[in-house]
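Participant: Take this sequence and fold it.
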Amino acid sequence: LNTPAIPRRTSRPPPPWEARCDRSALAMSARPLLALISAWCMDFALSVRHIDQERLAQRGDFNDALKRFDTRFELVADLGYFTWYKNCSTGKPQSSRLCRGDVEVEELRCGLGVGSGSPRSWRLPEARPAHLANIDAVRKRLPLKYQRNMPVKYPARLPFKPPPVAALVAASRRIDLSKIDFCIGGSVMSTLADGALGRNKYTVQKWRNMVIILKVADFSVDLSDNGAQFGRLLTGTRNVDKKAPQVEHLQVLRVGNFTVLASAEVDAVDEKQRPVELRTSSKPNWKEVMFQMLSSSSEAFFHGVSKVDQLQRVDKYELPQLFGRLFPRERAKLATNIIDALEDIRILVGHAEAPFALGKWNATGSPTLSALK
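Facilitator: The predicted structure is shown next:
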């Protein structure tokens, strides 16, 4: 069952790669979490949250930077952080849990660090991201040679990566989910802006008014690689622990005419308690970094310039500096691509609450959806 694409006035070239979706695996694990959300959110005392104006004012610099990217983007609410603990599993085989949607009640309670009882009694504590170490002290030690230890790998699946729990966390913090149009993760903005899936797969699922766009991760994370070592160096972390908790930041954005709930992992916070992005490479992918920072509301980017097996220097960029690397016309085009893609997905999903696979972009620049059986 293929849903036809919706033509639009604007156009962009189709990506050279077409997603190959394992539909049986996607369909198998796309439904259970949505059923849990439907059942549990009825138990939350849902209401329009009184937005913490003080917290929103503290994020004024990020909101100003967001509007500089495009005036159609705005920070509506900062919902703070939540933690996913990786030490809980029911023992289900990981091979059957590709989409991270096949999750059980006990796993959610353990993963979110809440006690027993109904969701109404849940109290999700404010998480604490790692703090940056003294960057000047780190720079004095450079250059540093990366260590070549035995790989410490884990699959990007449950219980090591969280299921799409952003809606549950937002509901527990008294956000009215009926006002949310989309729920997205960290890589979705970049995908919609470029119209390229790369090697990734995505599912699209409607729940009431909200459309959840979920990345299907099928790769391994290696805590011995250069990026992980750089992150530990800048946060002063010594131990290599694949079960270390993952901290995500939750925010509500206005994107065009849509209200978007965005959740993304946060690497660390600086001395001003601002989220920051940490990456190492010989040369960063500026657009990818920029959209990851928009999704996590990070205000600074620390780039470890590496060559071969050596960290040579650490550069710092504020978010507006990343925008400055793109021409205003290019920023406007990327923002328009995101808004247009969201409009198309909204139309394509319509009233159906069945899961879809996000497929390739066609010649008109519209994404295509395929119904999952």
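
Participant: Return the residues in contact with residue 248.
Facilitator: 81, 82, 83, 84, 127, 162, 166, 263, 264, 265, 266, 296 (CB atoms under 8 Å, 6 or more residues apart in numbering). Backbone N, C-alpha and C define where each C-beta goes, glycine included.

Participant: Surely the first one touches residue 266?
Facilitator: Meaning residue 81. Yes: between residue 81 and residue 266 there is a contact under CB atoms under 8 Å: 6.7 Å.

Participant: quick one: the helices in the chain?
Facilitator: 23-30, 32-41, 53-58, 60-69, 105-112, 135-140, 166-172, 188-194, 226-235, 286-296, 319-323, 328-349 (DSSP state H).

Participant: Let me have those in a markdown table, extended by mean neighbour count and mean pLDDT.
Facilitator: Output for the helices of the chain, formatted as a markdown table (neighbours: other CB atoms under 10 Å; pLDDT from 0 to 100):
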| stretch | mean neighbour count | mean pLDDT |
| --- | --- | --- |
| helix 23-30 | 19 | 36 |
| helix 32-41 | 17 | 52 |
| helix 53-58 | 11 | 64 |
| helix 60-69 | 17 | 86 |
| helix 105-112 | 18 | 77 |
| helix 135-140 | 11 | 94 |
| helix 166-172 | 24 | 83 |
| helix 188-194 | 24 | 90 |
| helix 226-235 | 19 | 92 |
| helix 286-296 | 22 | 92 |
| helix 319-323 | 18 | 90 |
| helix 328-349 | 18 | 92 |
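
Participant: Sort the contacts of residue 248 by pLDDT and name the bottom one.
Facilitator: Lowest pLDDT of those: residue 127, 76.

Participant: Count the neighbours of it for me.
Facilitator: 18 (other CB atoms under 10 Å).

Participant: if we can go back for a sec, any chance of JSON lines for the helices of the chain, columns distance to residue 367?
Facilitator: Listed next are the helices of the chain as JSON lines, based on distance: least, CB to CB, whole Å:
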{"stretch": "helix 23-30", "distance to residue 367": "16"}
{"stretch": "helix 32-41", "distance to residue 367": "20"}
{"stretch": "helix 53-58", "distance to residue 367": "32"}
{"stretch": "helix 60-69", "distance to residue 367": "22"}
{"stretch": "helix 105-112", "distance to residue 367": "30"}
{"stretch": "helix 135-140", "distance to residue 367": "40"}
{"stretch": "helix 166-172", "distance to residue 367": "21"}
{"stretch": "helix 188-194", "distance to residue 367": "8"}
{"stretch": "helix 226-235", "distance to residue 367": "29"}
{"stretch": "helix 286-296", "distance to residue 367": "16"}
{"stretch": "helix 319-323", "distance to residue 367": "25"}
{"stretch": "helix 328-349", "distance to residue 367": "6"}
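
Participant: Ok, which of the ones you listed comes nearest residue 182?
Facilitator: Residue 182 lies closest to helix 328-349 among the helices of the chain, at 6.2 Å (CB to CB).

Participant: Touching, residue 163 and residue 108? I think so.
Facilitator: Yes: here residue 163 lies in contact with residue 108, judged by CB under 8 Å, at a distance of 7.4 Å.

Participant: Quick one: distance of the longest strand seen in the chain to the chain centre.
Facilitator: Counting by DSSP state E, the longest strand found in the chain is strand 73-84. Strand 73-84 sits 11 Å away from the centroid of its parent chain (CA atoms, centre = their mean, to the nearest Å).

Participant: go on, stretch 204-215?
Facilitator: 14 Å.

Participant: And for stretch 332-352?
Facilitator: 18 Å.

Participant: do stretch 284-294 as well
Facilitator: For stretch 284-294, the distance to the chain centre is 12 Å (CA atoms, centre = their mean).

Participant: So what touches it?
Facilitator: Taking CB under 8 Å, 6+ apart as the rule, stretch 284-294 contacts 66, 69, 73, 186-187, 189-190, 193-194, 264, 277, 279, 298-299, 301, 303, 319, 322-323, 325-326, 334.

Participant: how does it look with 6 Å?
Facilitator: 186, 189, 190, 277, 301, 303, 319, 322, 325 (CB atoms under 6 Å, 6 or more residues apart in numbering).

Participant: How many neighbouring residues does residue 124 have?
Facilitator: 17.

Participant: gap between the residue lying farthest from the centre of the chain and residue 159?
Facilitator: Most distant from the centre of the chain: residue 140, at 33.3 Å, with distances by CA atoms, centre = their mean. As judged by CB to CB, to the nearest Å, residue 140 and residue 159 stand 39 Å apart.

Participant: Likewise for residue 248?
Facilitator: Residue 248 is 15 Å from residue 159, by CB to CB.
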